[in-house]
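Enquirer: have a look at this fold, sequence not included:
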């Protein structure tokens, strides 16, 4: 079995990559994928600890999180498609009308 | 070779194609440098070929074991462990999966080799060649995972992979207008099947867990399933109140099988397959789609066996697919569409056999279909290539004098489809007819039987029509194209010879080998049926088949009559054929519209209406926007100044603040 430390460090790295992507990148599609990456990292930690303790709760939560992630991805993609149709770009810098 | 009772080398059967696909993925996606052509060919065609050799070794290993213990298991790791429930990531090779794995790797390798020739000059973008082989390898991997799975969860992984590979292969020419639409269609219909598979798995697992069986390994669920019979599910009264659990489970898996192999009423995605490259069409329909579905039916036969209602539904869905496909293959003028319809008819026959309680016959017909349909598809592929992309049957013709090898290869395939004696189709179709004739559990089995005979008649006509329209009559091609028509190169022809051999001789593998006129050793002649008996039961037994020579002759005679009629109409009385052809499309339009129109009016329009009128105009514009604007207005009235300046309204800034804010909260909570 893979030691828990490895999984946690791996998940931490994934999370940092995702967070860095959200801050640095400008393409809305990549932002969405980075958010997914962060959520996947936290899900991974849930599953890893659930296996460590041999209890199903963490995995149940992980499945729940996956379902929420799928729904979120669907909505996010829908917003992106609508955004792209309006502006022919996915650059988030172009989305500056959230104020109104 | 044996490590603590397990066979660790089994894993290489699916892993090799996966590695090949992964190498392509890395070179195309990450390095952006496609492998050179030679390396691509060696890697992509070599991987399934080596898998085939390993499968062969496994088969030999298996036959050396006593009949009751023929199972090889390779346990890779523990995939899921949640309380009592767990699933191993394990592969299982028993006679059923051995047959399927041999077919997928064997036929798959031939398709890979043929694709080298057919896709060779077909690069619309510079990475097309490598990308195509990456998809083919992925499809092979997914199919092998599916058939070698030890439990339902691993099988589901393979099932999803097959769906993904179909999506990628059908949409291969993604810059065309129609390909993305077709691949999307296949994917969405596939999701219906995936839902059935998942729902069936969940219900089965939960039901078994209540009986004290945890896990989804096939030997366990096969043993425990008997306890589920008689248990009822309570549904809301609107959904019919009480349901038999075993019926619902079988129904869910039936939906999965119907969707994956494009059976009526989930066959809408068939209409787009012809836009895919020919080897992709072969892979999606003849080898993976049909095989995946029939494998599911055979693997979970203990679920279906007791549910006569579900079996009847399967048989009738198969028969209706046959009927619809027969019409389509008679009137379509695109040669690829005719072949797609012909394949769907063969898969319909497979479902009829399965629904009539003869799973080994169903498997056998799926196997022979995977012999002769690729032959026809690939031969047609080389014809299309030789005529510079001409796919219209009205414009082809007179190629008999130009394609000296392809014409004979095509003829072998055509003979196998119409069940000429001694070819593979003769034996497997005869089994299907026999199963439909003997069954008593399917309602209106007389009508079913007649429908099958009509299908065989139509098959004969359609194949004869293909033969005449492609090879005979006047050549409609322009002179400069005609002068350049030439045989494909050896690398395309070689797999065609392989398929021709299988299509001609494959019958001797089968349960119908009792009809075998040649004195072959018993062990060889009856092998497939005997091999599968411990798993699938006898079904249609050999004694029955020995007494059914009449039926076999009848089915061949019916097809031959169909072929004769087509010859008469096209060759002797073209004016009559023309009038008939003008009348038939009216029927066909009726057919084409019906399913699509039902989907359109029952699902698409109400959803769109609900989204536009209910969600958008009603909920969003009136309720949500109103709430939002009102609250924003009141905030603006109270909190202005600094906060307002900080909010520039840029999505990117908001994202950054959100991440930093959550990090701040998280570090506060942790510290």
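Expert: Sure thing, it's come through. Computed from a predicted structure; not experimentally measured. Numbering: from 1, shown residues only, chains lettered A, B, ... in the order given.
Enquirer: could you use CA atoms for every contact and neighbour count after this?
Expert: Will do.
Enquirer: can you read off the pLDDT for residue B:156?
Expert: pLDDT for residue B:156: 92.
Enquirer: so what's it up against?
Expert: By C-alpha atoms under 8 Å, 6 or more residues apart in numbering or on different chains, residue B:156 lies in contact with B:146, B:197, B:198.
Enquirer: now with 10 Å, please.
Expert: Going by C-alpha atoms under 10 Å, 6 or more residues apart in numbering or on different chains, residue B:156 touches B:142, B:145, B:146, B:149, B:162, B:194, B:197, B:198, B:201.
Enquirer: excluding covalently adjacent residues, which one is nearest to the second one?
Expert: Closest residue to residue B:145 in three dimensions, ignoring its sequence neighbours and counting by C-alpha to C-alpha, 6 or more residues apart in numbering or on different chains: residue B:158, at 4.9 Å.
Enquirer: element containing that neighbour?
Expert: If you go by DSSP states H and E, residue B:158 is part of helix B:152-170.
Enquirer: can you give me how far that helix is from the chain middle?
Expert: In terms of C-alpha atoms, centre = their mean, to the nearest Å, the centre of helix B:152-170 is set 10 Å apart from its chain centre.
Enquirer: quick one: the strands in the stretch 151-300 of chain B?
Expert: Secondary structure of the stretch 151-300 of chain B (DSSP state E, counting those that start in this stretch): strands at B:232-234, B:242-244.
Enquirer: do the same with chain B
Expert: All strands of chain B, identified by DSSP state E, fall at B:72-82, B:85-93, B:232-234, B:242-244.
Enquirer: quick one: name the residues of chain A near chain B.
Expert: A:1, A:18-28, A:31, A:35, A:47, A:50-60, A:91-100 (C-alpha under 10 Å from any C-alpha of the partner chain).
Enquirer: quick one: low-confidence parts of the chain?
Expert: Went with chain A since none was named. Counting by pLDDT under 70, the ranges of chain A that qualify are A:1, A:96-100.
Enquirer: the chain in question should be chain B.
Expert: B:1-6, B:67-68, B:82-83, B:120-127, B:508-550, B:552, B:581, B:584-597, B:636-649.
Enquirer: tell me, what residue is most central in it?
Expert: residue B:289 (0.5 Å; C-alpha atoms, centre = their mean).
Enquirer: and what of chain A?
Expert: Short answer for chain A (C-alpha atoms, centre = their mean): residue A:36, at 1.7 Å.
Enquirer: on that earlier part again, just the ones of the contacts of residue B:156 in helices?
Expert: Of the positions in those, B:142, B:145, B:146, B:162, B:194, B:197, B:198, B:201 sit in helices, assigned by DSSP state H.
Enquirer: in the stretch 1-150 of chain B, which spans are helices?
Expert: For the stretch 1-150 of chain B, the helices defined by DSSP state H, counting those that start in this stretch occupy B:12-25, B:37-63, B:95-119, B:128-148.
Enquirer: same deal with the stretch 351-500 of chain B?
Expert: B:359-386, B:406-417, B:424-438, B:445-471, B:479-484, B:490-505.
Enquirer: nearest to residue B:668, of these?
Expert: helix B:359-386 (61.5 Å; C-alpha to C-alpha).
Enquirer: what angle do the helix holding residue B:158 and strand B:72-82 make?
Expert: 100 degrees (axes from the mean of the first three to the mean of the last three C-alpha atoms, to 10 degrees).
Enquirer: what residues of helix B:152-170 count as buried?
Expert: Using 16 or more other C-alpha atoms under 10 Å in any protein chain shown as the test for burial, helix B:152-170 gives B:152-156, B:158-170.
Enquirer: where is the longest helix in chain A?
Expert: Criterion DSSP H: the longest helix present in chain A is helix A:57-87.
Enquirer: which strands and helices lie in contact with that helix?
Expert: With contacts taken as 3 or more C-alpha pairs under 10 Å, 6 or more residues apart in numbering or on different chains; DSSP states H and E, helix A:57-87 sits against helix A:28-53, strand B:72-82.
Enquirer: strand partners of the last one, parallel vs antiparallel please.
Expert: Sheet pairing here is set by DSSP bridges, and for strand B:72-82 it gives strand B:85-93 (antiparallel).
Enquirer: which positions within the strand it pairs with qualify as buried?
Expert: Neighbour-count burial for strand B:85-93, with 16+ other C-alpha under 10 Å as criterion, is recorded at B:87, B:88, B:89, B:90, B:91, B:92, B:93.
Enquirer: of the helices and strands packed on helix A:57-87, flag the one that's most buried.
Expert: Per-stretch averages of neighbours, counted by mean count of other C-alpha atoms under 10 Å in any protein chain shown, single out helix A:28-53 among the helices and strands packed on helix A:57-87, with a mean of 20.
Enquirer: residues in contact with residue B:671?
Expert: By C-alpha under 10 Å, 6+ apart, the residues touching residue B:671 are residue B:665.
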